[in-house]
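K.L.:
Below is the sequence, then the predicted model.
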Amino acid sequence: MSSMVEKYRNNFLKEVEANVEEGEWVKMCMQCGVCAGSCPLGKHWDHPPQEIFMMIRAGKRDEVLTSDSMWMCTSCYNCIVRCPRELPITHIMHGLANYAKRLGLAPKAQPTAWFSQVFWDNMMKKGRVNELKLGLSLYFKDGFVSGIKESLKHQKLGMNMMKAKRMSPMELFGGHGVKNAGDLQKIIKKAQEIENARIESYGK
Amino acid sequence: MSDIVATNQTILVVGGGISGMTAALEAAEVGKQVIVIEKRPFIGGRVSQLYKYFPKLCFPTCGLEINQRRMNANKNITVVTMAEVTGLEGEAGNYTATVKISPRYVNSNCTACGACGDAVESEFDNEFNYNMDKHKGAYLPYNLAQPKRYVIDPQMIGTDDAQKAKDACKFDAIDLDMQEETIELKAGAVIWATGWRPYDANKIQPYGYDRIKNVITSVEFERMMDPFGPTGGKLVRPSDGAEAKNVAFIQCAGSRDRNYLKHCSRICCMASLKQSTYVSEKYGDDANVSIYYIDIRAIDRFDDFYQRVKEDKNVTFIKSKVASIVENKANGNPTLHGVDTEGYNRYANEHDLVVLAVGMEPSVDKDTFPIELKVNDEGFIEYDEANGGVFAAGCSSDALDVNRAVQHATASALRAIQVVNRVAKAEG
């Protein structure tokens, strides 16, 4: 009997509401499907957003958090614009992806997840994104040889960007940043501590 | 028009549709003096543009005619057509309304013989058929129009055609010098029955109503079924006139959507279920209807009707709000794109014709009422003491079907009667 009750308790929905950015919106979905139909990458998703929302409500914790789907979001905002109930779908997808990664459940070798981490680490060093280094780390993602090949392919683009002063080769040495990047790192670290404490205390 | 007698015991009804007619009749038949102000050249409103009622699938012309006869027979009712209330001031028991009357250019001598219509060449967009066809410069709005009197389109005034119409009239009924008039009327209570209008489908950008010919609205579909309508009663595609057998209905086109109308328009589910029977009526087993919906809201006793339509094997229900429509340039077919909710299947379905079940919005824009009224976010008038002696009737109060609009109008008549009774008592 109690296991039957447990089944309908919606624990995962509550967990999402508490721990996922904009998660409190999930229950507002009316399953119309406009988000899924409007997504330009829709057919590459195992579970379109409206299905993810239903899975959350159905308590399918592992299926949702280990899914590749929310990592497919490119933040085009088509779904947000068209959602008849104004759910911030893009933000919920990013929130879910972030939460899955924090719990170590995100799929391994997911390219978007990998890129997000590289972007974050790059940005955190100086408080600004170093585009030259970010670009290079992308090119050399699959090893030295393919990295050189990839770089040569984009040689012309790089030269033109340098000519138009959109990219500086000097960025390779240090690069620009915010004033007192150390302070920024401290602020972020503190924020992360607060967030970690909140999520760790969930359900206790 | 100075022959209209109005006092503080008069009930002014704004709008002569089914709600306005009902309210006027209920009040007049218990002896109250009623003046009905109607913007169009005829009474009957949007009900006159319907082919069939749900759920009984009878013809609205029948019930409408009964009400027209009751109106004509009742000496307590004065109907002023082509008139609009532009100003309203005062309080319960003592209102003064400013009414602008547009020239009809045809007086009461008219016998509706049609000679003027035959005499003229010029044609103008026909509002009665949602501009799907044209009417002559001298016209009867529709066959059963009451008052049964022709109208001269103001765009024809000053042309040779106007003179031709005048010359053709044997009864001296055409007066080309008729001018716009503004009159003031007293009233003890006002019944506001200005009704609804279909939501502007052009605003729903992904559905391409403005760029895809074979995407039409439910009200246009309804006009196609009229034997005297723009297609002579044929269900055909606007692009090429081909028979429309494979028809898709898209529910909540503009309704239940915070980008458009926030409210549920309440009638569209039943309207589409009803219209699905039109396709079967025309094409029998060749009919192929698809209804795309979020959920079907066939409220209370209408569920029987829904169950009957569900049993029809030519009707398919697809639980999905369509995301976008793209035209197949080769054959003019609209292709519907989306993902359904029963299995999350991605679809791209082609249909001959797509009907948008457009929502209901109030005819009067939210901030343009001539007197301050409590109006909700959607623009419908709330019942509120602060509204004094002004009472909404029918669709000016909410999205309602005909049945509920008539019930609501009867209640409003009772409220208005109470106000003028108080006035009568005070004045002894």
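P.N.:
That came through fine.
K.L.:
residues in contact with the residue in the stretch 1-150 of chain B that chain A sits nearest to?
P.N.:
Residue nearest to chain A within the stretch 1-150 of chain B (C-beta to the nearest C-beta): residue B:54, separated by 23.9 Å. C-beta: built from backbone N, CA, C; applies to glycine. Contact analysis of residue B:54 by C-beta atoms under 8 Å, 6 or more residues apart in numbering or on different chains lists B:270, B:271, B:273, B:274, B:302, B:305, B:401.
K.L.:
mind running it again at 7 Å?
P.N.:
Neighbouring residues of residue B:54 by C-beta atoms under 7 Å, 6 or more residues apart in numbering or on different chains: B:270, B:274, B:305.
K.L.:
Equivalent analysis for residue B:360, please.
P.N.:
Residues near residue B:360 by C-beta under 7 Å, 6+ apart: B:196, B:265, B:267, B:395, B:399.
K.L.:
let's see 6 Å
P.N.:
Residue B:360 sits next to B:196, B:265, B:399 when contact means C-beta atoms under 6 Å, 6 or more residues apart in numbering or on different chains.
K.L.:
so the first one makes contact with residue B:395?
P.N.:
Yes: under the contact definition of C-beta atoms under 6 Å, residue B:196 touches residue B:395, with a separation of 4.0 Å.
K.L.:
Of the two, which one has the most company?
P.N.:
Per other C-beta atoms under 10 Å in any protein chain shown, whichever of residue B:196 and residue B:395 has more neighbours is residue B:395, with 32 against 25.
K.L.:
Assign the more buried one to helix, strand or coil.
P.N.:
At residue B:395, secondary structure determined by DSSP: H, G, I helix; E, B strand; the rest coil is helix.
K.L.:
May I ask you to confirm that it is in contact with residue B:195?
P.N.:
Yes: at 4.7 Å, residue B:395 counts as touching residue B:195 under the criterion of C-beta under 6 Å.
K.L.:
show me what contacts residue 162?
P.N.:
Going with chain A. Contacts of residue A:162 by C-beta under 6 Å, 6+ apart: none found.
K.L.:
That was the other one, I meant chain B.
P.N.:
B:156, B:176.
K.L.:
State the distance from residue A:121 to chain B.
P.N.:
36 Å (C-beta to the nearest C-beta, to the nearest Å).
K.L.:
What is the nearest of the contacts of residue B:360 to chain A?
P.N.:
Closest to chain A, out of all of those and judged by C-beta to the nearest C-beta, is residue B:265, at 13.2 Å.
K.L.:
The closest one belongs to a strand?
P.N.:
No: assigned with three-state DSSP, residue B:265 falls outside any strand and is coil.
K.L.:
Mind checking the pLDDT average for the strand or helix carrying residue A:183?
P.N.:
Element membership for residue A:183 (DSSP states H and E) is helix A:181-200. For helix A:181-200, the mean per-residue pLDDT is 94.
K.L.:
Look up the closest residue to residue B:319, ignoring the ones flanking it.
P.N.:
residue B:341 (4.6 Å; C-beta to C-beta, 6 or more residues apart in numbering or on different chains).
K.L.:
How about residue B:342?
P.N.:
Closest residue in space to residue B:342, ignoring its immediate chain neighbours: residue B:319 at 5.1 Å, by C-beta to C-beta, 6+ apart.
K.L.:
Which pLDDT value belongs to that neighbour?
P.N.:
pLDDT, residue B:319: 97.
K.L.:
Touching, it and residue B:343? I think so.
P.N.:
No: using C-beta under 6 Å, residue B:319 makes no contact with residue B:343, being 9.4 Å away.
K.L.:
which one of the two has more residues nearby?
P.N.:
Set residue B:319 next to residue B:343 and count neighbours by other C-beta under 10 Å: residue B:319 wins out with 17 against 8.
K.L.:
how much space is there between residue B:299 and residue B:113?
P.N.:
46 Å (C-beta to C-beta, to the nearest Å).
K.L.:
Name the residues of the helix holding residue A:183 that are buried.
P.N.:
For helix A:181-200, a neighbour-count test (16 or more other C-beta atoms under 10 Å in any protein chain shown) marks A:184, A:199 as buried.
K.L.:
Same question for stretch B:173-193.
P.N.:
B:173-175, B:178, B:185-193.
K.L.:
got it, and stretch A:16-28?
P.N.:
Buried residues in stretch A:16-28, defined by neighbour count with 16+ other C-beta under 10 Å: A:16, A:17, A:19, A:20, A:21, A:22, A:23, A:25, A:26.
K.L.:
Need the distance between the two termini of that stretch.
P.N.:
Across stretch A:16-28, the terminal residues are separated by 13 Å (C-alpha to C-alpha, to the nearest Å).
K.L.:
residue contacts, the residue of the stretch 301-428 of chain B found nearest chain A?
P.N.:
Residue of the stretch 301-428 of chain B nearest chain A, by C-beta to the nearest C-beta: residue B:323 (2.5 Å). By C-beta under 6 Å, 6+ apart, residue B:323 lies in contact with A:34, A:37, A:38, B:337, B:338.
K.L.:
hmm, the host helix or strand of the second one in reach of chain B?
P.N.:
Think residue A:37. Assigned by DSSP H and E, residue A:37 falls within helix A:34-38. Yes: Helix A:34-38 comes into contact with chain B (C-beta under 6 Å from any C-beta of the partner chain), by way of A:34, A:36, A:37, A:38.
K.L.:
Give me the pLDDT for the third one.
P.N.:
In other words, residue A:37. 96.
K.L.:
pretty sure it contacts residue B:338?
P.N.:
Yes: in this structure, residue A:37 is within contact of residue B:338 by C-beta under 6 Å, at 3.6 Å.
K.L.:
Could you chop the chain up by domain?
P.N.:
The chain I'm using is chain A. Listed by automatic domain parsing, the domain ranges of chain A are A:2-107, A:111-197.
K.L.:
think we crossed wires, I meant chain B
P.N.:
Domain assignment for chain B by automatic domain parsing gives B:10-102+B:180-195+B:363-427, B:115-168, B:200-359.
K.L.:
By mean pLDDT, point me to the weakest helix or strand of the chain.
P.N.:
Just going to use chain A. Least confident helix or strand of chain A, by mean pLDDT, DSSP states H and E, is helix A:2-7 with a mean of 65.
K.L.:
My question was about chain B, not that one.
P.N.:
When each helix and strand of chain B is scored by mean pLDDT, DSSP H and E, helix B:60-73 comes last, with a mean of 93.
K.L.:
Quick one: mean pLDDT for the helix or strand following that one?
P.N.:
Of the helices and strands lying after helix B:60-73 in sequence (DSSP H and E), the nearest is strand B:77-80. In this model, strand B:77-80 carries a mean pLDDT of 97.
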